[in-house]
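>>> mind looking at a prediction? Sequence and model below.
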Amino acid sequence: MSKTAYVRTKPHLNIGTMGHVDHGKTTLTAAITKVLAERGSGTFVPFDRIDRAPEEAARGITINIAHVEYETDTRHYAHVDMPGHADYVKNMVTGAAQLDGAILVVSALDGIMPQTAEHVLLARQVGVDHIVVALNKADGTDDEELIDLVELEVRDLLTAQGYPGDSVPVVRVSGLRALEGDPRWTAAVEALLDAVDTYVPMPERYLDAPFLLPVENVLTITGRGTVVTGAVERGTLRLGDRVSVLGAGVDSVVTGLETFGKPMEEAEAGDNVAVLLRGVPRDAVRRGHVVAAPGSVVPARRFSARVYLLAGREGGRTTPVATGYRPQFYIRTADVVGDVDLGAVGMARPGETVEMTVELGREMPLEPGLGFAIREGGRTVGAGTVTTVG
Ligand SMILES: Nc1nc2c(ncn2[C@@H]2O[C@H](COP(=O)(O)OP(=O)(O)OP(=O)(O)O)[C@@H](O)[C@H]2O)c(=O)[nH]1
Ligand SMILES: [Mg+2]
């Protein structure tokens, strides 16, 4: 069967649902696809197709990041449904790195919970500038004042993290009731989508820059070769283009290009793609590697950065760090150990912003302005931005 080619008719954006475990991200994602399918602009993706990895079905929580696609009247969206469980923040970092905007899902019945706050902080650090809030499970209470209080609390949290908390759209929804087709709540999901359409601006795409794709996943297609997937950070890519796989240390040629299962002639910054690479062994390439136009980036191990160390009450450390500290650095889709040097200061406390020099365990493409998270023992302890490389 020949596949229908991807036709680019509307601007493409990457968005996603984030928030505390069980607040209803996956249910809302399913409801969005259902509402749009009924409008005729997408395919309904039921809950169990979004939460689909076997491990997830068994544990009932979203572990890997699921992607779905849909269209509103004005835009084409790739939507990642991110996990809320604390252990999986690592995946959340990977998914969030490419988001143009996010839907923060907060249960109107429970209010802000630890991962609500952690996800907002991570979103800020990985450069998600626009957040729309879905106060979900609004069907669960008639007490509007209770929901008003939760709304205030969420606006305060956003303001505290540097978002315009007073002006972010906050929409009261019920993913569950919308999924059941209740008109009051399908209208609420429509209102949420309108808020996303109007509030999240079309980001500037660096189409003229040399191609760069952080590898999110690697698969093998029997008989055809190795496929890498991810969102194009910048530039464009066409069939036949030469690329370097940084990290794997191999060069290759693009022999296949798809988005959501549809072949495409040319991928561009912002697109979610699968790239078939000629002659690259499956085990040579991993998540965290970077596919780039040959010679366009010089990988480095050493950089200087400005870093905010989370305070203990924000989930950060309770004790200071000193030169010689060796946490994990989450950079684009990579996760790599790094040696921290705090220079003359020598030591820093949680809650402080510090300048540091970092020597990574392996080389990777780095540049000023690149954001990253610092994690230790399964929790985020800091977030920073590269200032100089080398
Ligand atoms: N009353 C009510 N229940 C809801 C609503 N949305 C989701 N739920 C229920 O809340 C529970 C969790 O929903 P999920 O969609 O799995 O939550 P999640 O945020 O994706 O959870 P994780 O992926 O594990 O972080 C399920 O039992 C849902 O049926 C809603 O709008 N109203
Ligand atoms: Mg989920």
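That came in fine, so what should we check first? Ligands and ions are numbered 1, 2, ... in the order given.
>>> pick out the residue of the stretch 151-300 of the chain closest to ligand 2.
Residue nearest to ligand 2 within the stretch 151-300 of the chain: residue 175 (10.5 Å; CB to the ion). Bear in mind the C-beta positions are built from the backbone N, C-alpha and C, glycine included.
>>> quick one: contacts for that residue?
24, 27, 28, 29, 30, 31, 134, 136, 137, 189 (CB atoms under 8 Å, 6 or more residues apart in numbering).
>>> what about residue 121, which SS state?
Residue 121 falls in the helix class when you classify it by DSSP: H, G, I helix; E, B strand; the rest coil.
>>> next, the contact list for it, please.
Per CB under 8 Å, 6+ apart, neighbours of residue 121: 161, 310, 314, 380, 383.
>>> phi and psi next, for the residue in the stretch 201-350 of the chain positioned nearest to ligand 1.
Closest to ligand 1 within the stretch 201-350 of the chain is residue 315: 16.8 Å, counting by CB to the nearest ligand atom. As for residue 315, its main-chain torsions (degrees, to the nearest 10) stand at phi 100, psi 0.
>>> these two touch, right, it and residue 380?
Yes. The criterion here is CB atoms under 8 Å, and residue 315 meets it with residue 380 at 6.6 Å.
>>> can you name the residues of the stretch 101-250 of the chain that neighbour ligand 1?
136, 137, 139, 140, 174, 175, 176 (CB under 6 Å from any ligand atom).
>>> and the third one, how many neighbours?
By the other CB atoms under 10 Å criterion, the neighbourhood of residue 139 contains 20 residues.
>>> in three-state terms, label it for me.
Per three-state DSSP, residue 139 ends up helix.
>>> I'd like the numbering to begin with 32 instead of 1 from here.
Happy to do that; since the first residue is 32 now, the last one works out to residue 170.
>>> next up, the contacts around it.
Contacts of residue 170 by CB under 8 Å, 6+ apart are 205, 207, 208, 213, 216.
>>> okay, it: pLDDT?
As predicted, residue 170 sits at a pLDDT of 97.
>>> cool, and the first one?
The confidence metric pLDDT takes the value 98 at residue 167.
>>> equivalent analysis for residue 381, please.
pLDDT, residue 381: 93.
>>> only alpha carbons, please: show stretch 242-250 as CSV.
The C-alpha atoms that make up stretch 242-250 are tabulated as CSV, following Å, rounded to 0.1, in the frame of the first residue of the first chain:
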residue,chain,number,x,y,z
PHE,A,242,20.2,21.2,10.0
LEU,A,243,20.2,19.9,13.6
LEU,A,244,18.0,17.1,15.1
PRO,A,245,18.4,15.9,18.7
VAL,A,246,17.8,12.1,18.6
GLU,A,247,14.8,11.1,20.8
ASN,A,248,14.5,7.5,19.8
VAL,A,249,16.1,4.9,17.6
LEU,A,250,14.3,2.0,15.7
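>>> can you list the low-confidence ranges for the protein?
32-34, 82-97, 115-128 (pLDDT under 70).
>>> counting residues, name the longest strand you see in it.
When the chain is parsed with DSSP state E, its longest strand is strand 384-396.
>>> which helix or strand lies directly C-terminal to it?
Downstream of strand 384-396, the first helix or strand assigned by DSSP states H and E is strand 402-407.
>>> tell me the strands beside that next one, with direction?
strand 359-362 (antiparallel), strand 410-420 (antiparallel) (DSSP bridges).
>>> please name the nearest non-neighbouring residue to residue 401.
Distances taken as CB to CB, 6 or more residues apart in numbering put residue 417 closest to residue 401, at 4.5 Å, once the chain neighbours are dropped.
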